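Asks: Using only what follows, build the 3D model:
(2 chains)
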Amino acid sequence: MDPLSRITPATTDVLQSLLGEGVPVWGLRIVKQTGRPAGSVYPILERLERAGWVESAWEGAPERSGPRRRLYTLTADGAVAARAALDRAAARSRPARVAGAADAREAFA
Amino acid sequence: MRSRYREEWTADLAGAPEAGARPSSIVAGALALAATIDRDDPAVSGMPRSALAVRRARWAAAFLGTGLVLLVALYLHGGWADHYLTADSPLFVFALLSRALEAGAPVAIAIGALLLIAAVRTALPWRRPLGLLAGMAVAGAAALAVLLAGSLVAMLFLPVLGVAAWGVVALMVPAPPPADPRRARRRELAAAAVLAPAVVALAAFGVLHIMVWNPLAKLPGLGLDEIYAGLAAAGELPSPLYLTAWVVGAVLAATAILLFATLPHRRLRAARSPQRVLVLGLTALAGTGFSMWLAGFGMGMGIADAFATSGGDAAFSALLPVVVGVLAGVPAVLLGCVPGPRPVPAAS
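Replies: From the prediction side, this is the model:
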């Protein structure tokens, strides 16, 4: 598995969605859950898959006719790396929030 | 990879209402992925980087070669097109086509240059293509300058040189074994049987154009005897050397096509395919057509000096070799350079 060169907020959202599902999930469902446009989610899923964080497969025995949906899930290593990435992202945003709250308190004082 | 994403996106489009997504959003996503995906990645391309680089270089050669053929044609007949670009002209369509070529040539060369950059980027892991491309451009320009300045006589043998160049490539890279060897053999022989005589016929047409039709068209009112007597009196009878060399070159090229298609030598059998015989024949035809102007250069200048007129072509028959050059040259480049279909990756 390769490390990601950058983890954007959109990537964080996609990782969060995949971790929350825990089972293979349809790409368009990730689009809906994250609220991000497909123009962001599709390239992120491709990058995650190429880096070995995510694997995908066709849905098995679909009840619908027509083209098959592609389902994505985190690999074992990808899930570990995703949690670590989310923790880092949370740690980065925490001081900013604390500082922001302090500024707000000063403003209303 | 393409079929995978095609099916995935089609499924997403079909399921967009269920997911509460707009179809336009799916299309935008597909476009964004197509624009950002790493096409050099073997997992995406389905082939090693070296094979992908060769494939892109072949596409680059196809576009650059096509552009070059069109430029040569424009150089040779551009003046004709300017003259006949009026709606009531009998050659209006030809002139219009010429204008289209004028636009097509730089476009093809620009696409070819971009593909060449892509090929170099794919081949070189350090991704510093500009320096290398500059080096290649300088080396290519130097080789061209040497070729042009070295000897015009060499250009007279354009069909032989073209056939030799393609032949060397064919001998170095074995042809893929045909699915139906007997059918392939018939096609090889048929291609050689049509194209080799066509090369000789074009050379014969050129001789008639240079020696008979063009002098008569340039000097209306004078008979052929009077024209040649005038040339002799002025000491302007052209040396037969260039015209003879050009005809010999065309005949040699036609012979090479026949030998390539028929000799039972083991190396030749391995190098042979119907497509390659076709490429050789079309190359010889294009080379013969494009080099005719040089074979007639002496006669044109002799007439100009002896009769105080211009040295250019006046007969419509001058257009045929150029048209043949384009109609044979572009397919020769495309057939010779465009790679076959991409290998089909394992189902994923």
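Asks: List the residues that contact residue 69.
Replies: Using chain A. By C-beta atoms under 8 Å, 6 or more residues apart in numbering or on different chains, the residues touching A:R69 are A:W26, A:G27, A:L28, A:W58, A:E59, A:P62, B:E8, B:A11, B:D12, B:G15. Using the backbone N, CA and C atoms, a C-beta is placed for each residue, glycine as well.
Asks: Not quite, go with chain B.
Replies: B:A286, B:G325, B:V326, B:G329, B:V330, B:V333.
Asks: who's in contact with the closest residue to chain A within chain B?
Replies: When scored by C-beta to the nearest C-beta, chain B has B:G29 as its residue closest to chain A, at 2.8 Å. Applying C-beta under 8 Å, 6+ apart to B:G29 gives the contacts A:V31, A:P37, A:A38, A:G39, A:S40, A:V41, A:Y42, A:P43, B:W9, B:D12.
Asks: Narrow the residues you listed to those that are buried.
Replies: For the contacts of B:G29, a burial check counting by 16 or more other C-beta atoms under 10 Å in any protein chain shown picks out A:V31, A:P37, A:A38, A:G39, A:S40, A:V41, A:Y42, A:P43, B:W9, B:D12.
Asks: re the thing from before, now tabulate the contacts of A:R69 in a markdown table and tack on distance to B:R2 and pLDDT.
Replies: As requested, the contacts of A:R69 are exported to a markdown table (distance: C-beta to C-beta, whole Å; pLDDT from 0 to 100):
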| residue | distance to B:R2 | pLDDT |
| --- | --- | --- |
| A:W26 | 20 | 91 |
| A:G27 | 17 | 89 |
| A:L28 | 20 | 89 |
| A:W58 | 16 | 91 |
| A:E59 | 20 | 87 |
| A:P62 | 21 | 68 |
| B:E8 | 11 | 89 |
| B:A11 | 15 | 89 |
| B:D12 | 16 | 89 |
| B:G15 | 20 | 85 |
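Asks: which one of these is nearest B:M155?
Replies: Set against B:M155, the nearest of the contacts of A:R69 by C-beta to C-beta is B:E8 (54.2 Å).
Asks: What are the buried residues along whichever strand or helix holds that closest one?
Replies: Here B:E8, judged by DSSP states H and E, is contained in helix B:2-19. Going by neighbour count (16+ other C-beta under 10 Å), the buried part of helix B:2-19 is B:Y5, B:E7, B:E8, B:W9, B:T10, B:A11, B:D12, B:L13, B:A14, B:G15, B:A16, B:A19.
Asks: At the contact with chain B, which residues of chain A appear?
Replies: A:26-29, A:31-32, A:37-43, A:46, A:50, A:66-70 (C-beta under 8 Å from any C-beta of the partner chain).
Asks: three-state assignment of B:S239?
Replies: coil (DSSP: H, G, I helix; E, B strand; the rest coil).
Asks: Quick check: it touching B:G298?
Replies: Yes. Here B:S239 reaches B:G298: they are 6.0 Å apart, a contact under C-beta atoms under 8 Å.
Asks: hmm, back to that, tell me if the helix holding B:E8 is near chain A.
Replies: Yes. Using C-beta under 8 Å from any C-beta, we find that helix B:2-19 touches chain A at B:R4, B:E7, B:E8, B:T10, B:A11, B:D12, B:A14, B:G15, B:A16, B:A19.
Asks: got a list of contacts for that helix?
Replies: Under C-beta under 8 Å, 6+ apart, the answer for helix B:2-19 is A:26-29, A:31-32, A:38, A:66-70, B:21-23, B:25-27, B:29-30, B:33, B:348.
Asks: Separate out the buried members of those residues.
Replies: Here, 16+ other C-beta under 10 Å leaves A:26-29, A:31-32, A:38, A:67-70, B:21, B:25-27, B:29-30, B:33 buried among these.
Asks: Of the residues you listed, which belong to strands?
Replies: Using DSSP state E, the members of the buried ones among the contacts of helix B:2-19 that fall in strands are A:W26, A:R70.
Asks: pLDDT at B:E18, what is it?
Replies: The confidence metric pLDDT takes the value 82 at B:E18.
Asks: swap in the one 10 residues further on?
Replies: At B:A28, the pLDDT value in this model is 89.
Asks: for A:A101, same thing?
Replies: So, for A:A101, pLDDT stands at 53.
Asks: show me what contacts the closest residue to chain B within chain A?
Replies: Residue nearest to chain B within chain A (C-beta to the nearest C-beta): A:A38, separated by 2.8 Å. Residues in contact with A:A38 (C-beta under 8 Å, 6+ apart) are A:L28, A:V31, B:D12, B:A21, B:S25, B:I26, B:A28, B:G29, B:A30, B:A32.
Asks: Pull the contacting residues for the second one.
Replies: Taking C-beta under 8 Å, 6+ apart as the criterion, A:V31 is in contact with A:P37, A:A38, A:V41, B:A19, B:A21, B:S25, B:G29.
Asks: ok so, going back, how close does the residue of chain A closest to chain B get to B:V322?
Replies: 52 Å (C-beta to C-beta, to the nearest Å).
Asks: Verify the stated contact: B:P174 with B:A271.
Replies: Yes. Using C-beta under 8 Å, B:P174 is in contact with B:A271, at 6.5 Å.
Asks: Show me which of the two is the more surrounded one.
Replies: The neighbour count for B:P174 versus B:A271, taken as other C-beta atoms under 10 Å in any protein chain shown, is higher for B:A271 (19 against 13).
Asks: Which residue, other than its chain neighbours, is closest to the more buried one?
Replies: Nearest residue to B:A271 in three dimensions, chain neighbours excluded: B:A170, at 4.4 Å (C-beta to C-beta, 6 or more residues apart in numbering or on different chains).
Asks: counting contacts, what elements does the host helix or strand of that neighbour pack onto?
Replies: B:A170 is part of helix B:158-172, with elements assigned from DSSP H and E. Secondary-structure packing of helix B:158-172 (3 or more C-beta pairs under 8 Å, 6 or more residues apart in numbering or on different chains; DSSP states H and E): helix B:241-262, helix B:266-271, helix B:274-295, helix B:319-337.
Asks: Tell me which of these sits nearest to B:R121.
Replies: In terms of C-beta to C-beta, the element of the helices and strands packed on helix B:158-172 nearest to B:R121 is helix B:319-337, at 19.2 Å.
Asks: Also compute the angle for that closest one relative to helix B:158-172, please.
Replies: Direction vectors for helix B:319-337 and helix B:158-172, defined by axes from the mean of the first three to the mean of the last three C-alpha atoms, to 10 degrees, enclose an angle of 10 degrees.
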